[in-house]
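[1] Sharing a model prediction with you, sequence too.
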2 protein chains.
Amino acid sequence: MIGAGNLAVHLSKAFQDAGFNITQVYSRSETSAKALAGILQTQFTTSIDALRTDALLYVLSVSDDVIACLVGQLPLTDQLVIHTAGSVPMDTLSGKLQNYGVLYPLQTFSKSRPIDFTGIPVFLEANTSENLQKITEIAKNISEKVYQATTEQRLYLHLSAVFGCNFVNYLYGISSQILQQAGFDFDVLSPLIIETAAKAIASGNPRQVQTGPAIRNDRKVMQKHLDILADHPDWQNIYAQLSEYIGKNNIGEHGCL
Amino acid sequence: MIGAGNLAVHLSKAFQDAGFNITQVYSRSETSAKALAGILQTQFTTSIDALRTDALLYVLSVSDDVIACLVGQLPLTDQLVIHTAGSVPMDTLSGKLQNYGVLYPLQTFSKSRPIDFTGIPVFLEANTSENLQKITEIAKNISEKVYQATTEQRLYLHLSAVFGCNFVNYLYGISSQILQQAGFDFDVLSPLIIETAAKAIASGNPRQVQTGPAIRNDRKVMQKHLDILADHPDWQNIYAQLSEYIGKNNIGEHGCL
């Protein structure tokens, strides 16, 4: 396991739970390497030259920017190496490596939250069909949802996740701060948040279940909301912009909130 | 029950399940009135003058714009009347009515999705403490989460729901369309969507669990994403704007997606 960040930790545990032996952890940071090796009860190194050369698979789970640089330093040639990034082309691993690919798990990972890896969709790519088969066999041990995706498809998958996860979470943050102003905890919004997600998933097409003032073109309510956002120009901009776009794409059922 | 839309249907069922008898349904639309009365096995009318005057409670569950107009036509004086709208002041019911209030359920309702009302937070307001007590007693039969909220607090609650539900669903819609472009169903995003919601709720403060390229200030990835959004200027605007705001409010853990 090359890397010891959030994803490296969760992925290592998933591999270990599936019966694989993580023989070595590498990280530039001794603290991180030691911590993950401790969890896995295995060896660690902070020297790239000390990497074992006999592993079944090398998992590069490091920052996007570091991948290209690190590949050049790997003391590997024909070993199978994969990265785990959504928006990094597979060919970043080409050059001196002969066998390489990608395993991209579509999920958000935080250190403190345990997660069941078997339900996470993973998207695979490899430089040969043999390598794809090898990675697929390994991946099926840690996830029940194994797909193939090209570098371009993976970029779109990552982009869809930015909208459906990162941006959604930012909106949750705004909700939470507005609730605070009204004297309520974020907790009171949880049934609505869960139902919104569940309904969108059940629909298969979120646009068909759009509700709220913007899809109803309820200008009176929208104006009231914009007025009380006067002290938060960023939120006011988001409100105005998203409401305008929702109004333009008016295919919802005009349900009420 | 005055009104027969999405909320009126769900609320009527909740009252009935709790043992209340909906004695009459009113709607301007005969089709809607008949449909809801059929579900409840009760009477209906499309004539406001034919309203019974002996009910324990009158629930106005109609479009925001209709409330003020309808109140003037009600053949009621000292009966207890409530509306169910987030962004309509309680005092819209004042004038000839002597006993009135609000019961606002913080949830999104669609006709085709059954929902367990007992878990939905409801926010109450009334014009006297006696009426508040009456409405509270009734509300506790249909929900385990009964709160008080003033007209102003309710407006903020509704606004937080627009961000946390309506706008979130719009982002789900964009995600879904981007996935389609990559040849995948919205389904592959469901573990991420559910985890994002669950993590935000568990954190109590969504800003602390923000992940993604924007909070990491990963300009390379953001530029790739903006580039492939070239054919969708609306989505590109949203991407640029939300990324900028997320970058400004950088308090996240810099987790990876």
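    Sure, I can see it.
[2] From now on I want contacts and neighbour counts done on CA atoms only, so please keep to that.
    OK.
[3] so where's the longest strand in chain A?
    Counting residues, the longest strand found in chain A (DSSP state E) is strand A:99-105.
[4] That one pairs with which strands, parallel or anti?
    As defined by DSSP bridges, the strand partners of strand A:99-105 come to strand A:80-83 (parallel), strand A:122-126 (antiparallel).
[5] could you dump the first one to PDB, C-alpha only?
    Only the C-alpha atoms of strand A:80-83 are listed here, as PDB (Å, rounded to 0.1, in the frame of the first residue of the first chain):
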ATOM      1  CA  LEU A  80       1.200  -4.700 -11.400                       C
ATOM      2  CA  VAL A  81       0.600  -1.200 -10.200                       C
ATOM      3  CA  ILE A  82      -2.700   0.700  -9.900                       C
ATOM      4  CA  HIS A  83      -3.800   4.100  -8.800                       C
END
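[6] quick one: least confident helix or strand in chain A?
    Between all helices and strands in chain A, the lowest mean by mean pLDDT, DSSP states H and E belongs to helix A:64-73, at a mean of 92.
[7] how distant is that helix from the center of its chain?
    20 Å (C-alpha atoms, centre = their mean, to the nearest Å).
[8] Let me see the residues that make contact with the longest strand of chain A.
    If you take C-alpha atoms under 8 Å, 6 or more residues apart in numbering or on different chains as the criterion, strand A:99-105 is touched by A:78-86, A:90, A:93-94, A:120-128, A:131-132, A:135, A:139, A:154.
[9] Need the winner for burial among the strands paired with strand A:99-105.
    Compared across the strands paired with strand A:99-105, strand A:122-126 shows the largest average neighbour count, a mean of 25 (mean count of other C-alpha atoms under 10 Å in any protein chain shown).
[10] From the geometric centre of chain A, which residue sits farthest away?
    In chain A, the residue that sits farthest from the middle, by C-alpha atoms, centre = their mean, is A:Lys220; the gap is 38.3 Å.
[11] Downstream of the one helix or strand it maps to, the next helix or strand is which one?
    Here A:Lys220 sits within helix A:219-228, counting by DSSP states H and E. Note on helix A:219-228: by DSSP H and E, the next helix or strand toward the C-terminus is helix A:233-248.
[12] Kindly export that following helix (C-alpha atoms) in CSV.
    What follows is helix A:233-248 as a C-alpha-only set of coordinates in CSV (Å, rounded to 0.1, in the frame of the first residue of the first chain):
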residue,chain,number,x,y,z
PRO,A,233,-24.3,37.7,-0.6
ASP,A,234,-22.7,34.3,-1.4
TRP,A,235,-25.8,32.4,-0.4
GLN,A,236,-28.0,35.0,-2.0
ASN,A,237,-26.1,34.5,-5.3
ILE,A,238,-26.4,30.7,-5.0
TYR,A,239,-30.1,31.0,-4.2
ALA,A,240,-30.8,33.3,-7.2
GLN,A,241,-28.7,31.3,-9.6
LEU,A,242,-29.9,27.8,-8.7
SER,A,243,-33.6,29.0,-8.6
GLU,A,244,-33.2,30.5,-12.1
TYR,A,245,-31.7,27.2,-13.5
ILE,A,246,-34.4,25.1,-11.8
GLY,A,247,-37.1,27.3,-13.3
LYS,A,248,-35.5,26.9,-16.8
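[13] now that helix against helix B:233-248, angle please.
    Here helix A:233-248 runs at an angle of 160 degrees relative to helix B:233-248 (axes from the mean of the first three to the mean of the last three C-alpha atoms, to 10 degrees).
[14] and helix A:233-248, average pLDDT?
    The pLDDT scores in helix A:233-248 average 97.
[15] Show me which parts of the least confident helix or strand of chain A are buried, residue by residue.
    A:Asp64, A:Ile67, A:Val71 (16 or more other C-alpha atoms under 10 Å in any protein chain shown).
[16] could you redo those residues as TSV and give each row distance to A:Lys13?
    Below are the buried residues of helix A:64-73 laid out as TSV (distance: C-alpha to C-alpha, whole Å):
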residue	distance to A:Lys13
A:Asp64	21
A:Ile67	22
A:Val71	24
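[17] Closest one to chain B out of those residues, please.
    Closest approach between the buried residues of helix A:64-73 and chain B, by C-alpha to the nearest C-alpha: A:Asp64, at 8.4 Å.
[18] got the contact list for the closest one?
    By C-alpha under 8 Å, 6+ apart, the residues touching A:Asp64 are A:Ala85, A:Ser87, A:Val88.
[19] Looking at the residues you listed, state which has the most neighbours.
    Highest neighbour count within those: A:Ala85, with 25 neighbours (other C-alpha atoms under 10 Å in any protein chain shown).
[20] Any stretches of the stretch 101-250 of chain A with poor pLDDT?
    Across the stretch 101-250 of chain A, the ranges flagged by pLDDT under 70 are A:249-250.
[21] Please, where are all the strands along it?
    Assigned by DSSP state E, counting those that start in this stretch, the stretch 101-250 of chain A shows strands spanning A:122-126, A:146-148.
[22] mind checking how far the shortest one is from the chain centre?
    Which is strand A:146-148. Here strand A:146-148 shows a centroid-to-chain-centroid distance of 15 Å under the convention C-alpha atoms, centre = their mean.
[23] That one pairs with which strands, and in what direction?
    The pairing partners recorded for strand A:146-148 under DSSP bridges are strand A:122-126 (parallel).
[24] Other residues contacting the partner strand?
    A:90, A:99-106, A:132, A:135-136, A:139, A:143, A:145-151, A:154.
[25] now stretch A:128-136
    Stretch A:128-136 is touched from outside by A:Leu80, A:Asn99, A:Tyr100, A:Gly101, A:Leu103, A:Leu124, A:Glu125, A:Ala126, A:Val146, with contacts defined as C-alpha under 8 Å, 6+ apart.
[26] Count the neighbours of the nearest residue to A:Ser176 once chain neighbours are set aside for me.
    Of all residues beyond its chain neighbours, the one nearest A:Ser176 is A:Phe186 (5.1 Å), with distances taken as C-alpha to C-alpha, 6 or more residues apart in numbering or on different chains. Residues near A:Phe186, counting by other C-alpha under 10 Å, number 23.
[27] residues touching A:Phe186, list them.
    A:Ser175, A:Ser176, A:Leu179, A:Gln180, B:Ile201, B:Gly204, B:Asn205.
[28] Now, those that are in helices?
    A:Ser175, A:Ser176, A:Leu179, A:Gln180, B:Ile201 (DSSP state H).
[29] What's the ChimeraX syntax to select whichever of those residues are buried?
    Remark: buried members of the ones in helices among the contacts of A:Phe186, expressed as a ChimeraX selection using 16+ other C-alpha under 10 Å:
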select /A:175,176,179 /B:201
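[30] Now the two most distant members of the ones in helices among the contacts of A:Phe186.
    Largest separation among the ones in helices among the contacts of A:Phe186 by C-alpha to C-alpha: A:Gln180 and B:Ile201, giving 14.3 Å.
[31] Give me the nearest residue to A:Gln153, chain neighbours excluded.
    B:Ala182 (5.1 Å).
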